[in-house]
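Novice: Make a model of this:
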Amino acid sequence: MESTRTLTDKLFLILKGLGMGAANKVPGVSGGVVAFVAGFYEEFIYSLRKVNKTAFKLLINGRFNSFYKYINGRFLSLLFLGMIVSYFSISKVLDYLIKHYELFVWSVFFGMIIGSIYYINKDFKDWNYKTYISLAIGIILGISISFLNPAKENDNLWFVFFCGIISVSGMTLPGFSGSFILILLGNYVLLLVDSVNALYDTFTEIIRGDFGFIKNLERIRMLKVLAVFTLGSVTGLVTFSHALSYILNHYKSITLSAIIGFIIGSLGVVWPWKKTIYNFDASGNVLLDSRGEMIIKNYQRFIPELNSETYYAICFIILGIAIVLALEWYGQKTRKIT
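Specialist: Got it, this is the predicted structure:
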């Protein structure tokens with residue numbers, strides 16, 4: 001029975017990683033919200049905080065087993081396994097769904113954000129003038145971000161490293177979408193689509209025994225970009241976790257109220273009913289990215305008419321809320337068992 005439960009726990013950890021990975025890739029949705037609602041956010045931050053000088057000393061001295069236990073290796077490895085698998089599987093499914101069923105996908109995400117606000121707010125009781133100010137600042141920042149216009153694509157490796165640091169903010173700070181920040185920085189397609197696809201194609205070719213990519217300069221460039229982006233992400237993940245752990249220990253109420261504000265503000269980013277505004281050049285032609293697809297400048301949001309499509313979208317919003325409530329129920333059940 002115990003071994004079965006352990007196997008089940010491992011499976012759920014991988015599924016949680018899948019959820020975080022998929023959420024991190026979708027603009028406006030935060031992987032940290034998944035961690036928060038599913039009930040493993042604090043363990044996630046605690047485990048990342050253990051990646052410190054002591055951990056590196058154990059690793060350098062060859063004490064791999066002690067290093068693995070010290071950083072809560074089983075938890076992190078299974079979680080990150082799910083995230084990696086997500087980038088090559090679930091995220092591709094999401095790309096397809098957003099392309100063909102955009103309204104309904106954003107409706108689900110909108111519902112999940114509403115559910116997340118309910119989940120975090122229901123147990124938060126420490127409301128005072130400081131936390132209300134923090135809440136207001138979080139809301140204002142969240143809304144302001146949604147109205148910023150994206151920059152142009154930039155593959156400078158130092159900038160790519162910086163993007164890596166920023167992109168993981170959504171994993172450690174619920175409500176702060178790292179992928180949406182990448183859109184604003186102009187590198188979403190480069191770092192979360194083109195470079196990931198380049199790695200996927202490379203693995204596929206290696207499995208077939210084809211090493212022709214070595215002579216493909218564009219492929220090598222993309223792999224180099226992905227490597228630097230990954231290094232920046234790891235750096236940001238460890239740095240943010242240490243900083244956030246300190247802040248939560250010393251200013252927990254203010255931090256949580258700011259997180260609630262961020263999530264409320266992010267509702268504008270994931271509002272389902274919006275028209276895409278594309279970038280145009282001086283001649284009035286739509287600008288294209290490296291894949292030949294139109295470059296998005298921003299979105300024009302509107303109030304929908306009441307028709308069958310709108311009613312379907314509302315049903316999907318309810319589905320999104322239900323998903324979060326189900327995650328909450330599972331998280332509470334898991335905590336009772338442990």
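Novice: Could you point out the longest helix of this protein?
Specialist: In the chain, taking DSSP state H as the definition, the longest helix is helix 217-250.
Novice: Can you give me the buried ones in it?
Specialist: Within helix 217-250, the residues that count as buried by 16 or more other CB atoms under 10 Å are 219, 222-223, 225-226, 228-230, 232-233, 236-238, 240-242, 244-245, 248. All C-beta spots, glycine's among them, are computed from the backbone N, C-alpha and C.
Novice: and Q300, what are its bridge partners?
Specialist: K275 (DSSP bridges).
Novice: and the gap between it and K57?
Specialist: 54 Å (CB to CB, to the nearest Å).
Novice: Comparing these two, which residue is more hemmed in?
Specialist: K57 (13 against 10; other CB atoms under 10 Å).
Novice: Might you calculate how far stretch 191-201 sits from the centre of the chain?
Specialist: 17 Å (CA atoms, centre = their mean, to the nearest Å).
Novice: What of stretch 178-188?
Specialist: Centre-to-centre, stretch 178-188 and its host chain are 11 Å apart (CA atoms, centre = their mean).
Novice: Ok, stretch 70-81 next?
Specialist: 18 Å.
Novice: same deal with stretch 46-60?
Specialist: 24 Å.
Novice: contact partners of that stretch?
Specialist: Around stretch 46-60, the neighbours that count as contacts under CB atoms under 8 Å, 6 or more residues apart in numbering are 64, 66-67, 70-72, 75-76, 172, 237-238, 241-242, 245.
Novice: And these, which is closest to F316?
Specialist: Of all those, T172 has the smallest distance to F316: 28.3 Å, by CB to CB.
Novice: tell me the centre residue of the chain?
Specialist: Nearest residue to the geometric centre of the chain (CA atoms, centre = their mean): N24, 1.8 Å.
Novice: And the nearest residue to it once chain neighbours are set aside, how far from G115?
Specialist: Spatially, and ignoring its direct neighbours in sequence, N24 is nearest to G31 (4.0 Å; CB to CB, 6 or more residues apart in numbering). Distance, G31 to G115, by CB to CB: 15 Å.
Novice: higher neighbour count, the two?
Specialist: The residue with more neighbours, out of G31 and G115, is G31; 30 against 23, by other CB under 10 Å.
Novice: Please tabulate the contacts of stretch 46-60 in TSV, including the columns distance to C315 and pLDDT.
Specialist: Listed next are the contacts of stretch 46-60 as TSV, based on distance: CB to CB, whole Å; pLDDT from 0 to 100:
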residue	distance to C315	pLDDT
F64	50	85
S66	51	88
F67	48	87
Y70	47	88
I71	43	86
N72	39	85
F75	36	86
L76	37	86
T172	33	74
L237	36	81
V238	41	80
S241	37	76
H242	42	77
S245	39	74
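Novice: any chance of those residues in a markdown table, plus distance to L267?
Specialist: A markdown table is the format used below for those (distance: CB to CB, whole Å):
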| residue | distance to L267 |
| --- | --- |
| F64 | 45 |
| S66 | 45 |
| F67 | 41 |
| Y70 | 39 |
| I71 | 35 |
| N72 | 33 |
| F75 | 31 |
| L76 | 31 |
| T172 | 21 |
| L237 | 26 |
| V238 | 30 |
| S241 | 26 |
| H242 | 30 |
| S245 | 27 |
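Novice: from those residues, which single one is nearest I14?
Specialist: F75 (11.2 Å).
Novice: Check whether the closest one really touches A35, as I assumed.
Specialist: No: when contacts are counted by CB atoms under 8 Å, F75 is not listed as touching A35 (11.6 Å).
Novice: Need the residues touching each of these two.
Specialist: What both F75 and A35 touch, as defined by CB under 8 Å, 6+ apart, is the set F44.
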